[in-house]
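*Asks:* coordinates only, sequence not included:
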């Protein structure tokens, strides 16, 4: 890892503190905790999970959490003792919301894809070396694909929507992301290789869509495509996740066409906002985690 990448990467995939800047240690520790809590907000986070994943001492984590509870950034459930994002975190999100949010533009189209395919649809934006799920829509198929939670970070090369985003980046930026993410991904999947990732990127560029295996039991596959800003840069990725048995050649073609049609409509809406001098929201293209 280059020195620049070390300075840029504040936390790793487990949110452990890597290299705190002088005078900001407590702030970075609190933010690392918030990232974990946000990524698991539906189920909640236990104290033991938080100090193990950050690598911090239990008393330190407990002290930081109590401070954030007092400020309503974090809420602790009285019965389960699990931690969730608090009301002030929600208020901050409302205040920070841009005039034109990618999620707001895409949601009706995600719902349309889910209704047409019957499957689960995800919207992913980029944050540094990661992809963040910012929206999902569930179709009518009785088996739901709970493979990714809204708000959860994962390496940009993981999942079809993230892979579609990664494949649309310039080659030098792909190289930079790969330097970090190959090592991160290998921690959870020792068989993962950079050669396999490069082959997936090439295949995605050639076909115009990404396909990934999400789960082994039950076998779940995803199909993803990139949404581009009016200037041609990748703004988000959208994917459909379903049982592998539902993705035969004919149905794969249907899903790809459905994604393509929805993306064309989304990109047309983005161009309207630019024409009105209102630049749509997209996550930063440089690593900021």
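*Replies:* Done, it's in. All values reported here derive from a predicted model rather than from experimental measurement. Numbering: from 1, shown residues only.
*Asks:* chain center to whichever helix or strand residue 53 is part of: distance?
*Replies:* Residue 53 is located in helix 47-54, with elements delineated by DSSP states H and E. Averaged C-alpha coordinates place helix 47-54 at 21 Å from its chain's average position (Cα atoms, centre = their mean, to the nearest Å).
*Asks:* May I see the buried residues of it?
*Replies:* Within helix 47-54, the residues that count as buried by 16 or more other Cβ atoms under 10 Å are 49, 50, 51, 53, 54. Any C-beta I mention is one placed from the backbone N, CA and C, and that applies to glycine too.
*Asks:* Going by residue numbers, what spans are helices in the stretch 101-250 of the chain?
*Replies:* The residue ranges that make up the helices of the stretch 101-250 of the chain, judged by DSSP state H, counting those that start in this stretch, are 102-117, 160-167, 171-188, 194-207, 249-275.
*Asks:* For the last one, give the mean pLDDT please.
*Replies:* It stands for helix 249-275. In this model, helix 249-275 has a mean pLDDT of 90.
*Asks:* Show me what it is packed against.
*Replies:* In terms of contacts (3 or more Cβ pairs under 8 Å, 6 or more residues apart in numbering; DSSP states H and E), helix 249-275 is packed against helix 102-117, strand 220-228, strand 234-243.
*Asks:* and the angle from that helix to helix 194-207?
*Replies:* Interaxial angle, helix 249-275 versus helix 194-207 (axes from the mean of the first three to the mean of the last three Cα atoms, to 10 degrees): 80 degrees.
*Asks:* can you pull the buried residues of helix 249-275?
*Replies:* The neighbour-count check on helix 249-275 (16+ other Cβ under 10 Å) flags 252, 255, 256, 258, 259, 262, 263, 266, 270, 273 as buried.
*Asks:* and if you look at stretch 241-249?
*Replies:* Taking 16+ other Cβ under 10 Å as the neighbour-count basis, stretch 241-249 is seen to contain the buried residues 241, 242, 246, 247.
*Asks:* one step back: ok, so of the buried residues of helix 249-275, who is nearest residue 224?
*Replies:* Nearest to residue 224 among those, counting by Cβ to Cβ, is residue 259 at 7.8 Å.
*Asks:* Could you check how far that closest one is from residue 113?
*Replies:* Residue 259 sits at a distance of 7 Å from residue 113 (criterion: Cβ to Cβ, to the nearest Å).
*Asks:* Tell me which residues touch the nearest residue to residue 30 once chain neighbours are set aside, please.
*Replies:* Of all residues not flanking residue 30 in the chain, residue 64 sits nearest, at 5.2 Å (Cβ to Cβ, 6 or more residues apart in numbering). With Cβ atoms under 8 Å, 6 or more residues apart in numbering as the criterion, the residues that contact residue 64 are 26, 29, 30, 33.
*Asks:* Work out for me the element the third one sits within.
*Replies:* So the one you mean is residue 30. Counting by DSSP H and E, the secondary-structure element that holds residue 30 is helix 25-39.
*Asks:* quick one: average pLDDT of that helix?
*Replies:* Average pLDDT, helix 25-39: 87.
*Asks:* what's the angle from that helix to helix 47-54?
*Replies:* Relative orientation of helix 25-39 with respect to helix 47-54: 120 degrees, computed using the same axes, to 10 degrees.
*Asks:* helices and strands around helix 25-39, which ones?
*Replies:* Using 3+ Cβ pairs under 8 Å, 6+ apart, the elements in contact with helix 25-39 are helix 47-54, helix 58-70, strand 74-76, strand 83-85.
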